[in-house]
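Chemist: take this sequence and fold it.
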Amino acid sequence: MGGHPYQYVVEYDDDLQAALDRLRQDVFARGEYHGAERRPKTPEQALELAEATGTRSILDILKVQEEPDYCCVAPLAPDELQRYFGTDRPSPAAVEACDEFWEDLERGKARCVVVYDGDERKLFFAGYSFD
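Modeler: Okay, here's the model as predicted:
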């Protein structure tokens, strides 16, 4: 089975870990992940119940780090922004529409892009599930 893409646009925060933590709590509270019907009590329990397939959501991503890795989100570097989008100020629509960006995402890993809606900055989290 192939990986499932996911994406979220949230309010900008200089603290990417805090933004990730809020997003994970929000997705968990809304039940927008694979395995929600089992009614886990915490995001961590949802991960345990999902086993190797994961939750097919941002719940599979636990921390922010500089380089992409499993269960982590890494921000795009300036050269990656230019390569994928031709600008350091992409819109959410530009990220959604960039086939090369999505093709380069690896299963079980996520990336974060600072996107712009006019002058307003937001964070775009994108990834692929493990399965």
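
Chemist: for this protein, what helix or strand is lowest in average pLDDT?
Modeler: helix 43-50 (a mean of 94; mean pLDDT, DSSP states H and E).

Chemist: show me what contacts His4?
Modeler: Listed by C-beta atoms under 8 Å, 6 or more residues apart in numbering, the contact set of His4 reads His34, Arg56, Tyr128, Ser129, Asp131. Every residue, glycine included, has its C-beta placed from N, CA and C.

Chemist: out of the residues you listed, which one sits closest to Arg83?
Modeler: Arg83 has its nearest neighbour among the contacts of His4 in Tyr128, at 19.1 Å by C-beta to C-beta.

Chemist: so how many other residues sit close to that closest one?
Modeler: 20 (other C-beta atoms under 10 Å).

Chemist: what's the answer for Gln82, then?
Modeler: 13.

Chemist: the helices in this structure, which residues?
Modeler: 16-30, 43-50, 78-85, 92-97, 99-104 (DSSP state H).

Chemist: quick one: closest of those to Gly3.
Modeler: Comparison of the helices of the chain against Gly3 by C-beta to C-beta identifies helix 99-104 as nearest, at 10.6 Å.

Chemist: and that closest one, what other elements does it pack with?
Modeler: helix 78-85 (3 or more C-beta pairs under 8 Å, 6 or more residues apart in numbering; DSSP states H and E).

Chemist: one step back: in the least confident helix or strand of the chain, which residues are buried?
Modeler: Pro43, Ala46, Leu47, Ala50 (16 or more other C-beta atoms under 10 Å).

Chemist: residue contacts, the last one?
Modeler: Contacts here follow C-beta under 8 Å, 6+ apart; on that basis Ala50 touches His34, Gly35, Asp60.

Chemist: distance of the first one from Leu20?
Modeler: Look at His34 and Leu20: by C-beta to C-beta, to the nearest Å, they are 19 Å apart.
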